[in-house]
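[1] Next come a sequence and a model predicted from it.
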Amino acid sequence: MNRKCLRITMTATFPANFLVDFIQKQAKKLGLEGTAQREEGDGQMVKISVCGDANALDDFIDAMYAGTKGFELHELEVEPFLKDKEYRHVFRVIE
């Protein structure tokens, strides 16, 4: 299995339940681990740290683009990173 980790930053007008109802659900469906949280302030920025199989991560990014079609997506940045903590095979939403 080819594992990697990505840090994804999205800026858009998100509904209140977007992190749990969409991002966490997609991550669990694809067997990914990591965290997602809204940035303090206006709540328009979401930061995601996600690790897993490279193919599943590609599917996750595709889902992020597809899932934000109804929103005004201002930015979506994806960058690789070295896993800096143990996620214990779970994807959590930090509120």
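    That came through, no problem.
[2] Same question for the helix or strand where residue 37 lies: list its buried residues.
    Assessed by DSSP states H and E, residue 37 sits inside strand 33-38. Judged by neighbour count using 16 or more other CB atoms under 10 Å, the buried positions of strand 33-38 are 33-38. (Each C-beta comes from the backbone N, C-alpha and C, glycine too.)
[3] could you pull out the helices for this protein?
    For the chain, the helices defined by DSSP state H cover 18, 25-29, 54-67.
[4] what's residue 63 in contact with, if anything?
    Residues near residue 63 by CB atoms under 8 Å, 6 or more residues apart in numbering: 26, 30.
[5] per-residue confidence for it?
    Residue 63 carries a pLDDT score of 92 in this model.
[6] got it, and residue 94?
    Listed pLDDT for residue 94 reads 90.
[7] Same question for residue 42.
    pLDDT for residue 42: 64.
[8] returning to what we had before: and the strand holding residue 37, what does it pack onto?
    In terms of contacts (3 or more CB pairs under 8 Å, 6 or more residues apart in numbering; DSSP states H and E), strand 33-38 is packed against helix 25-29, strand 45-53, strand 91-94.
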